[in-house]
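Just a sequence and a predicted model for now, questions to come.
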Amino acid sequence: MQDRDKLEILVDWLLKSTHTVIFTGAGMSTEAGLPDFRSKTGLWKQKDPTKLASVEAMNQNPEEFYEFYRMRLATLGEASPHKGHKILALWEKDRLIQAIITQNVDGLHHRAGSNRVIELHGTLREAVCLKCKQVYPPQVLEGESIPRCSCGQMLKPGVILFGEMLPQEALRQADIESRRSHLFIVIGSSLEVSPANFFPLEAKGVGAKLVIINLEPTDMDDQADLLIRGKAGEILDYLNKILKDPD
């Protein structure tokens, strides 16, 4: 169990903060049974997911590209939000947190009940036409053939592929929330991916307290006002118990 002193400090900051932003990464989802996208597990059949999840793969090797995403959707279908996701949804309802910025595309925050979620890398909760931008449910990607829109163009998962720009509106919203924050809590992110990893420093730059909750060290540990080592769901559960029973 974590050093209770650190947890009590964070609870105190959480209660006193007027605008708290949560920033989540892959470590938030692994406890729900989803593999880290960059992990070298058997799920990806010894192939590099960073190459499969690319504009180049979609255009040059669409069969393998859609097989990869059918596999991702099947894995996601077996996963459910864990207690950490549900606690964040509860904190939003209780107005302890004002926004979640996430690098994850699995939609587990939404499924847990969170509403104010900014998805920096898009979402697997939908598919979109490359030409007319019509949005479809993700089930259209599950067939054996290459999915196509009613206009005839290919459909792509609603995620941001390697080779694509991040969604400008999501970046704008994340920028606004980071600049408004008094407390910025990173949960389960290595903080290696740009430009997403700029937001914790942006919050720090406007005077927010920066907290990093992660199993492993990150490149920004030296910037944090508070470091907590541990799994996302377990730490959030400990924090929630202290909130309910301070003694």
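Looks like it came in fine. Because the structure is predicted, anything quoted here is derived from the model rather than measured.

Tell me the first helix or strand C-terminal of the lengthiest helix in the chain.
Across the chain, the longest stretch assigned as helix under DSSP state H is helix 62-77. Downstream of helix 62-77, the first helix or strand assigned by DSSP states H and E is helix 83-93.

quick revisit: so which elements touch the longest helix of the chain?
On a contact count with 3 or more Cβ pairs under 8 Å, 6 or more residues apart in numbering; DSSP states H and E, helix 62-77 meets helix 49-52, helix 55-60, strand 122-129. Placement of C-beta: from N, CA and C, glycine included.

Quick check: neighbours of the longest one in the sheet, parallel or antiparallel?
Translated: strand 122-129. Within its sheet, and counting by DSSP bridges, strand 122-129 is paired with strand 135-136 (antiparallel), strand 155-159 (antiparallel).

what's the neighbour count on Lys93?
Using other Cβ atoms under 10 Å, Lys93 is surrounded by 12 other residues.

how much space between it and Asn104?
Separation of Lys93 from Asn104 (Cβ to Cβ, to the nearest Å): 20 Å.

With Met58 instead?
According to Cβ to Cβ, Met58 and Asn104 sit 21 Å apart.

Start and end of stretch 141-161, how far apart?
When the termini of stretch 141-161 are compared using Cα to Cα, to the nearest Å, they are 15 Å apart.

Give the rounded mean pLDDT of that stretch.
For stretch 141-161, the mean pLDDT works out to 92.

Could you check how far the helix or strand bottoming out on mean pLDDT in the chain is from the centre of its chain?
Least confident helix or strand of the chain, by mean pLDDT, DSSP states H and E, is helix 49-52 with a mean of 78. What separates the centre of helix 49-52 from the centre of its chain is 18 Å, taken as Cα atoms, centre = their mean, to the nearest Å.

which helices and strands sit right next to it?
Counting contacts by 3+ Cβ pairs under 8 Å, 6+ apart, helix 49-52 packs against helix 62-77.

What ranges does the chain have for its helices?
Ranges of helices in the chain, per DSSP H, are 4-16, 26-30, 49-52, 55-60, 62-77, 83-93, 108-112, 168-180, 198-205, 232-244.

Let me see the contact set for the closest residue to Gln173 other than its chain neighbours.
Distances taken as Cβ to Cβ, 6 or more residues apart in numbering place Ile118 nearest to Gln173, at 4.9 Å, with adjacent residues excluded. Neighbour list for Ile118: 99-102, 170, 173-174, 177 [criterion: Cβ atoms under 8 Å, 6 or more residues apart in numbering].

Kindly reformat the residues you listed as CSV containing pLDDT, neighbour count and distance to Ile235.
Output for these, formatted as CSV (pLDDT from 0 to 100; neighbours: other Cβ atoms under 10 Å; distance: Cβ to Cβ, whole Å):
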residue, pLDDT, neighbour count, distance to Ile235
Ala99, 98, 22, 19
Ile100, 98, 27, 16
Ile101, 98, 29, 18
Thr102, 97, 29, 17
Ala170, 96, 19, 26
Gln173, 98, 17, 26
Ala174, 98, 25, 23
Glu177, 98, 24, 22
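
Please produce CSV containing those residues, extended by distance to Thr123.
Below are those laid out as CSV (distance: Cβ to Cβ, whole Å):
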residue, distance to Thr123
Ala99, 16
Ile100, 13
Ile101, 14
Thr102, 10
Ala170, 10
Gln173, 14
Ala174, 15
Glu177, 18
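
which among those gets closest to Glu142?
Nearest to Glu142 out of the contacts of Ile118 is Thr102 (Cβ to Cβ; 23.7 Å).

ok, what's across the strand from the closest one?
With DSSP bridges applied, Thr102 shows beta-bridge pairing to Thr24, Glu119.

measure it to His19 for me?
For Thr102, the distance to His19 (Cβ to Cβ) stands at 18 Å.

Low-confidence regions, the protein specifically.
For the chain, the stretches with pLDDT under 70 are 1-2, 37-47, 247.

try 80 this time
For the chain, applying pLDDT under 80 flags the ranges 1-2, 35-50, 144, 246-247.
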